[in-house]
Structures are given as C-alpha cells and as structure tokens.
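Participant: here's a sequence, model it:
(2 chains, ligands or ions: 2)
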Amino acid sequence: MSINSTAIDPTAAGDNPDEIAGITPPPPARWLRVGKSPWITRLLALVAFVIVWWFLTTPWSWHEGKPIMLPLYLPSIPDVWAAFVRSMTIHPIAAGVDRMVVGEQGYYLWQHLLATLQRIGFGLLFAIIVGIPVGLFMASFRFFNTAAEPYINFLRALPPLGYIGLLIVWFGIGNTSKIWLLFLAAFPPITIATIAGVRGIREDQIHAAQTLGAKRYQILSKVMIPATAPDLITGIRVAVGFAWTTVVAAELNNGIPGIGGLAYASGTELQTPLTIVCIIVIGITAIILDSGIKALEKVIVPWRGKA
Amino acid sequence: MTVAMDKSGGAASNAKHEKSLVVDGVRQFFGTKGAKVHALSRIDLVIEPGQFVCLAGPSGCGKTTLLRLIAGFMRPTEGQITVDGRVVSKPGSDRGMVFQAPTLYPWMDVRQNIELGLKFQGVHKAARGIESERYMKMVGLSDFAERKPYELSGGMQQRCQIARVLASDPDFVLMDEPFGALDALTRERLQEELLTIWRETGKTILFITHSVEEAVFLGSRVLVMSRRPGKIVLDEPVDLAVDGQRLPVAELRSAPAFVALRDKVRDAIQASM
Ligand SMILES: Nc1ncnc2c1ncn2[C@@H]1O[C@H](COP(=O)(O)OP(=O)(O)O)[C@@H](O)[C@H]1O
Ligand SMILES: [Mg+2]
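Facilitator: Ligands and ions are numbered 1, 2, ... in the order given. All right, here's what the predicted structure looks like:
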C-alpha cells in the first residue's frame, strides 16, 4: 500500500488495511488521524494500554502503598514478564530451592503451544478431508443434502463444552478425544462453505466445460473444485478460528502439554501472571494464523472478487 | 466422440441432411401452469455445414433459448433437435458455445483456457501447445498467453472465448451476442476478425445478435425471429459477391447489396414487432 496516498487523501478507500470484507470504515475524526500510517495509531494505543496497566498495578503511597488492582486479579507487567521468562527456561522450583524444573508443568511454553497447534492441525486436517467431500456430496445430491443438513446445523449449534464429556467417555482422556472435539468444531464451517461454493458456481461455467468435451470427473477437478476454492478458504479460515476458540475446552481435562490446558491449570492454581502470558500467546497466535491464511488466500485464489 | 445422443434417428434424419443441424418442430415453454411463458412458437430450421447463420430479433424473443436448446443445456418442450441424424440430449464438444458474458476460468491463464477443450479430449501437451499458439495468433492474444482472464479487457476476453471454442474444433460454433457488450469500434474490428476466421476455417456458425447491421455483415444467411413467442419470419441468403468474387471484408459495409439487404431485414424485424 502507498503511504503517501493515505496522507494526501485520507478518504481514499481500497488501500486501507482496516478494510474488512469490503466494508470501508469511515475516516477517523481529524484529530485522530495521527501521522501517515495506521501503525503509529496502533503503537499509541498500545502505549496507552500499557500505561493504564502500569498505573493499575503499581503500588501507590496515596493508596496505602498498594496497587489499585491486587496482583491476584491483575498482576504487574514485571510479574507477567517474569512468568514468561520462567515458562521459557529451566529454573528453581521455588525461590531458594535447589531443585530445577523445566518451564511450566514440565514443558517449555513453546512446547505447550506446539502441542496445541498439533492438535488443531490434526483436527483441521480431518475436518478438511471429511468436510469437503461431504459438502460436495450435499451440494450435488438433493437427497443427501436433505438428510444431512439438520445434523450439520445441530452440530454447529452445540457449544463444544457440551459434548467434550461424551467424547472423553468414548475416546478416553488422551489426545484422541481432543482431536475429535476440534474436528467436530472445524467440520461444519468447512462443509457449509463447500456447499455455498458449489451452489455459487455459475451454471454456464459448467456448460462451457461440457461443450468443450469435459467428462464428469474433469468437470469436478477442473471447474467445480477451483470454482469452490475461494469459499473453501473462507470456510477453513472460519474453521481455524472456531477450532482455536475451542482449544481451551478441548484441553480442560488432561491438557498438558497444551497452551489451553496451561491457561486453565494456571488459573485454578491462582498463577495469574502465567494465565495472562497464556492469554497473550493464544491471542497473538490466533492473529498470526488468521493473517497467514489471508496471505495464502492471495496466492491460491488471486481471482477472488475479480471474476 | 464424447457426445451422447439418442439412437433413434427422428423424422428429420434423412440422408439429405446428413452432417447438418436440424431443428424440427421445436416449441419451448417456461414455468408452470400458472405463469407460463411461451418462449418459442414453432421453429423448423436446417443449418448446412459451412454456413454462417445470423439470427436477429428483438430482445426477449427467444434467441438465447433456441441456442441453449441446440447446445443441449436443456431439452425442448416439444419437437427435437438433431445433429448428424442423432437427437441432441446433452452438451457435447461437437457444438461449441461462445457465451454472451465471457465464461473463461479465472484460475487458468489465457493459454490454459484455450487448450482446455484439447486437454479434455486427451490431446497431449506438445500438440496442445501448437494449437493454442495458432489460435492465440488468430485472435491476436499471443502476447497475453500468461495473463489471467480478469487482466484482459472485455473485447480480449471475448476473443479468448472464441479461440477456446475454435481450438476444441467443434462442428458447430454457437455464439450468443458475443460482441453485444463491446464499444462500437472494438465490435467492428472483432466482426471483421470473425468473418476472416470463418473464411479461413470454414466452420459452421450460428450467430445470435440483436443488431441488423451485424447480422447482414457477418452472415452467409440471415434469419429474423419475431417477438415472443419466437418464430422465424425471414430466412434470407446473403450474397454480397460481385462477379462471383467475395468482397474484401473491409469493403463489405459500403457495398450497395449490403445496404439493400440491411434495409430488408430491418423492415422484417419492424413488421414482426
Ligand atoms: N430459464 C427460464 N425460465 C423462465 N423463463 C425464461 C427462461 N429463459 C428464458 N425465459 C424467457 O423466455 C423469453 C426468451 O428469452 P431469451 O431466449 O433469453 O430471449 P433473447 O435471447 O432473444 O433476448 C424471455 O421472455 C425470458 O424471460
Ligand atoms: Mg439473449
């Protein structure tokens, strides 16, 4: 994007990174338009946030030498940083004790994160492997759609916490039930996006292939699947978001290693600084994943919105 | 051949019309009993190999409907369409279609779009390359082989569509107002290119238009369809040759015979409305 054009004409739409799905936000009030780049605004917001946090968690003489928010509710920034460093290093189990331990709960923070990403990866992979063919089937055969649609909608409406107990009974407390849960969370959006994609194909795109002599499987591989790809990627993006918000539920029981499990366990053990570390890591990872898929979309379906 | 057709020959399949396209007593209705639209009244038509047939008529008279029936996208309510004596029941690579709105695949570049028909038919890569080069050159897209359809202008997209259909080598080329959305200059240039291509390839073309001028300029035979329910009210051979010599494409528009025929067709359309 061009930084200059935004500076000269702040009302110019199109290059605006704040634009979400074609909705252009109105230009901010004049006094809010700081500098040339949205990143300066964002940086300022972050600074303001940190100042408020610092203000609330610093001991003040006018407040009986205590912070406004007690550390149990809102730990100070140095405490959170210390918890982060602890979680990434080998450290004594407690101050003044010789016994050394690794990170938190026996794993480094990045191992927790990796374990969670792996679960989501498997859940998503199965959701894609199953969801796309089911969606294609449902879009192609009215009978199949009529039969399966209520179940997909039912599944989609259920909060994952509602059925994790059942999955544990069925598949045990290990990884299997967690991957099942993530699969069940990610599967409906992918199926529904596939159906929408197939239904949205212009009839003449199929006709054109037929007049060029395409056989059935060629219509599927050369026309239907690529034509569905933009919707599919949207579906996957929604599914990743869904799976990610489900991950804490998936890791409530026996979720170590796992960033969701760690967030939950640290909360129950009143290690608030660690909980905040986990929350920040979960949030940042979600944003990175989403931006990754968005970037991938530009590469895989460059024609989106153009044809 | 990948085209599926019924075994039953039908009434029109006598030896005389072999290799021709025969529309035999076709009527078409749309909708249910309550809101029935009578689109085609009764069409009888024989298109011989090598003809460039232009079908003109007011918009909404059923031209597209007739073309889609011939393409096999739907079956007529009454009557039948036969090619080579066999009843058309679904689309096939013997009848190529140039759609009114360019229907190219945005996930393929120009070259891949043009080679698609050959690919479907199992032609191997080297041979496809030779064919696509030839047709890209014919329609003037050689410099755009690696471009995606959405990077092309409307006129270039239509040229790409035409090349795609020609490259798949159909017996009949069906064209539905392919130049309708283009500006006058582009339109005239593409008309001249198409006419040149027809003279070079000798394809059988059924070209739909709502422009009388275009019909007379392009066609070796001009049909006029009345307003809905569509019926063919004029069937006129176009002979603009002078002393048995075809006029150069660029001189056609000013030929006296062209002007006379154009007025005749215009009168026919006005009388039918
Ligand atoms: N699939 C359809 N369902 C209902 N009515 C249709 C359908 N296709 C065409 N029609 C109607 O048939 C008539 C002829 O349409 P069309 O063949 O597209 O006309 P033209 O191409 O000559 O402009 C129009 O009145 C149109 O509304
Ligand atoms: Mg039409």
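
Participant: near chain A, which residues of the stretch 51-200 of chain B are found?
Facilitator: Counting by Cβ under 8 Å from any Cβ of the partner chain, the positions of the stretch 51-200 of chain B adjacent to chain A are B:71-73, B:90-93, B:95-97, B:99, B:101, B:103-107, B:116-117, B:119-121, B:148-150, B:164-165, B:168, B:170. For every residue, glycine as well, the C-beta is placed using N, CA and C.

Participant: so of these, which ones are in strands?
Facilitator: B:R95, B:G96, B:M97 (DSSP state E).

Participant: any chance of those residues in JSON lines, plus pLDDT?
Facilitator: Output for those, formatted as JSON lines (pLDDT from 0 to 100):
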{"residue": "B:R95", "pLDDT": "94"}
{"residue": "B:G96", "pLDDT": "94"}
{"residue": "B:M97", "pLDDT": "95"}
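
Participant: among those residues, name the buried ones.
Facilitator: B:R95, B:G96, B:M97 (16 or more other Cβ atoms under 10 Å in any protein chain shown).

Participant: identify the bridge partners of the last one.
Facilitator: B:M97 has the following beta-bridge partners by DSSP bridges: B:L174.

Participant: nearest spatial neighbour of the closest residue to chain A within chain B, skipping sequence neighbours?
Facilitator: Closest contact between chain B and chain A, by Cβ to the nearest Cβ, is at B:S93 (3.1 Å). Excluding the flanking residues, the one nearest B:S93 by Cβ to Cβ, 6 or more residues apart in numbering or on different chains is A:G213, at 3.1 Å.

Participant: residue contacts, that neighbour?
Facilitator: B:T2, B:G92, B:S93, B:G117, B:F120, B:Q121, B:S168 (Cβ atoms under 8 Å, 6 or more residues apart in numbering or on different chains).

Participant: just the ones of these in helices?
Facilitator: Members of the contacts of A:G213 lying in helices (criterion: DSSP state H): B:G117, B:F120.

Participant: narrow the contacts of A:G213 to those that are buried.
Facilitator: B:G92, B:S93, B:G117, B:F120, B:Q121, B:S168.

Participant: closest to A:F137 out of the residues you listed?
Facilitator: B:F120 (23.7 Å; Cβ to Cβ).

Participant: now B:V37: how far from B:V22?
Facilitator: 25 Å (Cβ to Cβ, to the nearest Å).

Participant: just want to know which of those two has more residues nearby.
Facilitator: Neighbour count, other Cβ atoms under 10 Å in any protein chain shown: between B:V37 and B:V22, B:V22 has more, with 23 against 13.

Participant: what helix or strand is the more buried one located in?
Facilitator: B:V22 is part of strand B:21-30 when elements are defined by DSSP states H and E.

Participant: anything in that strand near chain A?
Facilitator: No: Strand B:21-30 lies out of reach of chain A by Cβ under 8 Å from any Cβ, never closer than 14.2 Å.

Participant: packing partners of that strand?
Facilitator: Judged by 3 or more Cβ pairs under 8 Å, 6 or more residues apart in numbering or on different chains; DSSP states H and E, strand B:21-30 is in contact with strand B:37-47, helix B:63-71, strand B:78-83.

Participant: for the chain, what spans make up the helices?
Facilitator: You didn't pick a chain, so chain A it is. Using DSSP H, helices in chain A cover A:3-8, A:38-57, A:77-88, A:109-140, A:142-157, A:160-171, A:175-199, A:203-211, A:216-218, A:225-250, A:259-268, A:272-300.

Participant: you looked at the wrong chain, it should be chain B
Facilitator: So, for chain B - with DSSP H - the helices run B:63-71, B:110-120, B:125-138, B:154-167, B:184-201, B:212-218, B:256-272.

Participant: so which of the ones you listed is nearest A:M88?
Facilitator: helix B:110-120 (49.4 Å).

Participant: how about that closest one as PDB, C-alpha atoms only?
Facilitator: Listed next in PDB are the C-alpha coordinates belonging to helix B:110-120 (Å, rounded to 0.1, in the frame of the first residue of the first chain):
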ATOM      1  CA  VAL B 110      -5.300 -17.400 -21.500                       C
ATOM      2  CA  ARG B 111      -3.300 -20.300 -22.900                       C
ATOM      3  CA  GLN B 112      -4.700 -22.900 -20.400                       C
ATOM      4  CA  ASN B 113      -8.200 -21.700 -21.200                       C
ATOM      5  CA  ILE B 114      -7.600 -22.100 -24.900                       C
ATOM      6  CA  GLU B 115      -6.100 -25.500 -24.500                       C
ATOM      7  CA  LEU B 116      -8.800 -26.800 -22.200                       C
ATOM      8  CA  GLY B 117     -11.000 -28.400 -24.800                       C
ATOM      9  CA  LEU B 118      -8.000 -30.300 -26.200                       C
ATOM     10  CA  LYS B 119      -7.000 -31.300 -22.700                       C
ATOM     11  CA  PHE B 120     -10.500 -32.700 -22.000                       C
END
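
Participant: how far is it from where the chain is centred?
Facilitator: How far helix B:110-120 lies from its chain's middle: 20 Å, per Cα atoms, centre = their mean, to the nearest Å.

Participant: looks like B:I197 contacts B:A163 (just checking).
Facilitator: No: assessed by Cβ atoms under 8 Å, B:I197 is found out of contact with B:A163, at 9.3 Å.

Participant: who touches both of the two?
Facilitator: Contacts common to B:I197 and B:A163, judged by Cβ under 8 Å, 6+ apart, are B:M138, B:V139.

Participant: when these two are compared, which one has more neighbours?
Facilitator: Shown here are B:I197 and B:A163; by other Cβ under 10 Å, B:A163 has more neighbours (27 against 19).

Participant: can you pull the contacts of residue 105?
Facilitator: Here I'm looking at chain A. A:H112, A:I256, A:P257, A:L262, A:A265.

Participant: think we crossed wires, I meant chain B
Facilitator: A:Q205, A:K222, A:V223, A:P226, A:A227, B:Q112, B:N113, B:L116, B:P149.

Participant: go with 10 Å
Facilitator: Applying Cβ atoms under 10 Å, 6 or more residues apart in numbering or on different chains, we find B:Y105 in contact with A:205, A:208-209, A:222-223, A:226-227, A:303, A:307, B:112-113, B:116, B:148-149, B:164.

Participant: among those residues, who's most crowded?
Facilitator: Once you tally neighbours by other Cβ under 10 Å, B:R164 ends up highest among the contacts of B:Y105, having 30 neighbours.

Participant: ok, and the closest non-adjacent residue to that residue?
Facilitator: B:I114 (4.9 Å).

Participant: list the contacts for the one you found?
Facilitator: B:104, B:108, B:128, B:131-136, B:139, B:141, B:145, B:160-168.

Participant: and the gap between B:Q161 and B:V110?
Facilitator: Distance from B:Q161 to B:V110, by Cβ to Cβ: 10 Å.

Participant: likewise A:A239?
Facilitator: From A:A239 to B:V110 the distance is 34 Å (Cβ to Cβ).

Participant: can you check A:L262 too?
Facilitator: 53 Å.

Participant: so which of the two has more stuff around it?
Facilitator: Between A:L262 and B:V110, A:L262 has the larger neighbour count (other Cβ under 10 Å), namely 32 against 28.

Participant: residue contacts, the residue lying farthest from the centre of chain B?
Facilitator: Here the centre of chain B is the reference, and by Cα atoms, centre = their mean the most remote residue is B:G34, at 33.2 Å. B:G34 makes contact with no residue, according to Cβ under 10 Å, 6+ apart.

Participant: show me which residues of the stretch 51-200 of chain B sit near ligand 1.
Facilitator: B:G57, B:S59, B:G60, B:C61, B:G62, B:K63, B:T64, B:T65 (Cβ under 6 Å from any ligand atom).
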